[in-house]
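Asks: 3D, please:
(one chain, ligands or ions: 1)
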Amino acid sequence: MYERVHVIDHPYAQMVLTKIRDKSTGQIEFRKGLVKLGRLLGFEIARTLPVSRCYVVTPLNVEAEGVSIPDIDHVVLVTVLRAAMPLTEGLLKVFPTARQGVVSARRIEETYRGGLEFDIEFTYVRIPPINENEIVIVADPMLATGSTLLRVAQEIQSIGTPKRLIFATVISTRQAIERLLGKYPSAEIFTVAIDRELDSRGYIVPGLGDAGDRAFG
Ligand code: URA
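Replies: Down below sits the predicted model:
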């Protein structure tokens, strides 16, 4: 199962994560940090896409061998509002032609009964058509219980079956990873850290707090 989980252990990504974990980091720096991590997650996802050899002619009129990444233009990016907006901004630097979907999901905190069960309120879902040539990347910074992303995956499956289904997150928990991949074994998770536990309100510990509140005030 864990071969489908990519933890971005690059020191730069870990440095940015450390900065946004810090409770003294303010809103603007927090948001900028999420944008940076979105870009880094995008780079790591791009690393797993097949490359083709290609040739270009440089201004010296000399042919240079290079690579293209055909799938870079076959991405559908789904943003889980609102915390994922800065992450999407970073991912779009790598996948600028991505078609985009948005999902507005809210955990109903009063329904948390411990463990991994949360009721999720979906108020707005707009996902473009998806075909089997496409790579769907779902951006959500906090994979805490998996409740939200299970619902998002269900929405995606009802629209089409992509070539790859990728969840791009900043902090995940082992429990949520197992839950999500248990239900969608061919999905993949790109994350910057796997934290150890959830607190009594379903927040990730040590985590970074409420990502939406910290990014948007
Ligand atoms: N969502 C957040 O923003 N933070 C958590 O710790 C868990 C879910």
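Asks: top helix in the protein by residue count?
Replies: helix 27-47 (DSSP state H).
Asks: quick check on the nearest residue to residue 97 once chain neighbours are set aside: phi, psi?
Replies: Of all residues not flanking residue 97 in the chain, residue 73 sits nearest, at 4.8 Å (C-beta to C-beta, 6 or more residues apart in numbering). (C-beta placed from N, C-alpha, C; glycine too.) Backbone torsions of residue 73, given as degrees, to the nearest 10, read phi -100, psi 20.
Asks: for residue 155, see how far away residue 73 is.
Replies: Using C-beta to C-beta, to the nearest Å, one gets 23 Å for the distance from residue 73 to residue 155.
Asks: looking at the two, which is more packed in?
Replies: Just comparing residue 73 and residue 155: by other C-beta atoms under 10 Å the higher neighbour count belongs to residue 155, 17 against 13.
Asks: what mean pLDDT does the host helix or strand of that one get?
Replies: Element membership of residue 155 [criterion: DSSP states H and E] is helix 147-159. Averaged across helix 147-159, the pLDDT comes to 95.
Asks: residue 210 contacts residue 203, correct?
Replies: Yes: at 7.4 Å, residue 210 counts as touching residue 203 under the criterion of C-beta atoms under 8 Å.
Asks: tell me which of these two has more neighbours.
Replies: residue 203 (16 against 13).
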